[in-house]
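A.B. asks: sequence first, then the predicted structure, then my questions.
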Amino acid sequence: MGEKPVKRICIALTVVLVWLAAGCAGAVSKSGGPSPASPTSPPSSVGVTVTVAPATAMLRAGATQAFTAAVTGNANTSVTWSVNTVPGGNAATGTIDATGQYTAPANLPTPNTITVTATSAADTTKQGTSALTLENPVPVLTSVSPNTIVPGAFSLTLNGGGFMKTSGVTFGGQTLTTMYVSATELQAVGNATSAQVGSVPVVVQNPDPGAAASSSLMATVVGGGTPVSAAAAVRFLEESTFGPTPELVSQVQQNGFAPFLETQLAAPVSTYPTPLSTDTNLTKVQNQFWVNAVNDSDQLRQRVAFALNEIWVVSQNKVSNPVAYTNYLRALTKDALGNYYAVMKDVTLTPAMGHFLDMVNNDVPGVGQHANENYARELMQLFTLGVNQLNPDGTPQFDSGGNPIPTYTQNDVMALGRSFTGWTYPTQPGQTLQKHNPFYGGGPMVAFESNHDANAKTLLGQPVAAGQTAEQELDAVLTILFNHPNVPSFVARQLIEKLVTSNPSAAYVGRVASAFSSGTFQTYGSGKRGDLQATVAAILLDAEARRGDSAATADASDGKLREPVVMEASIARAFHATTDGTGFTNWSSALSQSLFNSGSVFNFFPPTNPIAGTTLNGPEFTIFNTNTSLARVNFINSMVNGTISSGTKLDITPVINAGTPDQMVDWLNTLFLHGTMSSQMKQGILTAMSAVGSTDRPSQARVAIYLVTSSSQYQVQR
């Protein structure tokens, strides 16, 4: 019995030894013929080929290329991809995914030739390849900071895309020492000379292979000797004030843009005296506007306040009470260089706006009723958000069907209307608060809490808690609107259009919107969202605003038609007009911009108005027609000849004292056309001047002033 297990083991060992012997014989079968094929080389893989398309390609760094692989000779057509024999590639030579999508590295490898390989899954010995040559990308320059510098050593931060470790930066053709930070940022250092004062082009250059340069952005060199050209100073003052004067041109030339802005930010705020109880219309308020615009020193604040007045419209056609209108203008002037949230809240609570758009005495609605929605709708549509969702650069967002995406719904309008319930006119001195106070414009509106709808609401997808007071809820909903992503670019575009150009690029809007969002631009701003000092500085100092300072970098699409109110004030300022403010408003009415008397909440002209036959936007052309073009010329004729009103007179002695007729025209060319007058235009003006007699210098001066300021070259602010 004990021997049986031993026999079994011996038999098993014998079988194994026989099997091993047969394996070692390998090459010979039992019949003496060849052995069967190895399991690792199945008969079905014979004849497999792999072809990669494209077979060759040229690609810039950071770009992508789709490769495809064709496998023949096997039912299994799947492949694996590698770059320079590395499965999937790596950061140095580029990566490739399972679908054959190759992404080039941000910086070129050495050598810059790459092999992309597809390997058959059926037979790993079979491969197809593509020869890929990499080139440097085309650099894109979107911003230069700071874009205002003084002579001497400077450091620039350049943002954009397609930057390389080998990228270089030129400053007016001068090569700067450049440090690579990332594919989107470079640092560059150099020295500016007094000879470079003015606008200087900054360019990023990528070398071979595939050498390419970015478009240029302008930096402005100020300070040292004559820091700013007369042409640049005039343009800057046209955009930041109600018009240049010879003295301000000299000041900006000597000190530069930044010091001028600092002076303006510190200037005393213009005032609007409280109207007398006997005043029954806006005449004195309008006259005070013109006095301030022509004579006061806080020009930047006033110009921005006027721009805000054209966005946050209140019109005399419904609000003719001078106390209420003065209160509204004071709010705009106070907040013009403050924070946009303050504009939102302070203007909302002015009795003028409350009355104009029906928020005042808007009570909690009864069952089945709705609160007044007028102010709620216009606040979102015209003052803060716009009707469609925007990208950070102000371009519209679209859904999958190519349709603009609405910013808000009717439910949002209804909810906001309910949030704005409970407010009434200010309580007059000596009176007590009533459910509906009688009309009084001398302060902010006040809440009567039992008229406020304190129920919970939802606005733009965000909850508005129940049980809040009228003021608490006002702050809550204004904060929701203020923090909406549309606000920075919506406000940026409108202010750019009012101050600088009707056709800003998306990049320009995006840069200004970024300053609004961060509350910071260079040394300007508090760092809080909505800071208008940072926003306005970003508008005025941006390279796109300043590129017209030099004829070499000017762009034909820049600029805007001078709106009548600004044109009137500008001509008066140029000639040190003495004025009590009378006469201007009647003329602005003839020019279809009757001061403070817009036909509707949509202002005298909308922010978007395509010019027929072009791709350009021209908001001010909405009110430019045969009648108003003639009225412009008639206004200038009356102004030059001193008949606009008995209370307004020009001083044209600086033109008379400029010297010869040729020198008179040069004086006007500098102040009004920033040196762009053509030789043909100049000769025509000189001919007209000679026709009035060589000894009548005052008449010669008036002829020249009339012809220059009525010309299309002046009427379009470039």
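C.D. replies: All right, it came through fine.

A.B. asks: lowest average confidence, helix or strand, in the chain?
C.D. replies: Least confident element among the helices and strands of the chain, by mean pLDDT, DSSP states H and E: helix 4-25 (a mean of 40).

A.B. asks: residue 134 falls within a helix, correct?
C.D. replies: No. Looking at residue 134 with DSSP: H, G, I helix; E, B strand; the rest coil, it is strand, so not inside a helix.

A.B. asks: for the closest residue to it other than its chain neighbours, list the residues it contacts.
C.D. replies: Using CB to CB, 6 or more residues apart in numbering and skipping the chain neighbours, the partner closest in space to residue 134 is residue 112 (4.5 Å). The way it works is simple: take the backbone N, C-alpha and C, and place the C-beta from them, glycine included. Residues near residue 112 by CB atoms under 8 Å, 6 or more residues apart in numbering: 133, 134, 135, 209.

A.B. asks: check the gap between residue 112 and residue 59 for me.
C.D. replies: Note on residue 112: its distance to residue 59, by CB to CB, to the nearest Å, is 10 Å.

A.B. asks: overlap in contacts, those two.
C.D. replies: Residues touching both residue 112 and residue 59 by CB under 8 Å, 6+ apart: 133, 134, 135.

A.B. asks: ok, back up a step: following the least confident helix or strand of the chain, which helix or strand shows up next?
C.D. replies: strand 49-53 (DSSP states H and E).

A.B. asks: list the buried residues for that next one?
C.D. replies: 50, 52 (16 or more other CB atoms under 10 Å).

A.B. asks: likewise stretch 199-207?
C.D. replies: Going by neighbour count (16+ other CB under 10 Å), the buried part of stretch 199-207 is 199, 200, 201, 202, 203, 204, 205, 206.

A.B. asks: closest to residue 704 among those residues?
C.D. replies: Using CB to CB, residue 199 is the member of the buried residues of stretch 199-207 that sits closest to residue 704, with 28.8 Å.

A.B. asks: for that closest one, what are phi and psi?
C.D. replies: Dihedral pair for residue 199: phi -90, psi 130, per degrees, to the nearest 10.

A.B. asks: quick one on the thing from earlier: can you put the buried residues of stretch 199-207 in TSV and add distance to residue 392?
C.D. replies: Formatted as TSV, those follow (distance: CB to CB, whole Å):
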residue	distance to residue 392
199	26
200	28
201	26
202	23
203	25
204	22
205	28
206	26
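
A.B. asks: can you tell me which of these end up in strands?
C.D. replies: The strands, defined by DSSP state E, take in 199, 200, 201, 202, 203, 204, 205, 206 from those.

A.B. asks: list just the nearest of those residues to residue 250.
C.D. replies: Closest approach to residue 250 among those (CB to CB): residue 199, at 19.2 Å.

A.B. asks: wait, what's in contact with that closest one?
C.D. replies: Each residue near residue 199 by CB under 8 Å, 6+ apart is listed here: 218, 219, 220, 232, 546, 547, 549, 550, 553.

A.B. asks: next, count neighbours for the fourth one.
C.D. replies: Think residue 232. Per other CB atoms under 10 Å, the neighbour tally for residue 232 reads 26.

A.B. asks: try the last one
C.D. replies: With neighbours defined by other CB under 10 Å, the count for residue 553 comes to 17.

A.B. asks: ok, it - contacts?
C.D. replies: For residue 553, the contacting residues are 199, 201, 216, 218, 547, by CB under 8 Å, 6+ apart.

A.B. asks: once you drop chain neighbours, what's closest to it?
C.D. replies: Residue 553's closest residue in space is residue 547 (CB to CB, 6+ apart), at 4.5 Å.
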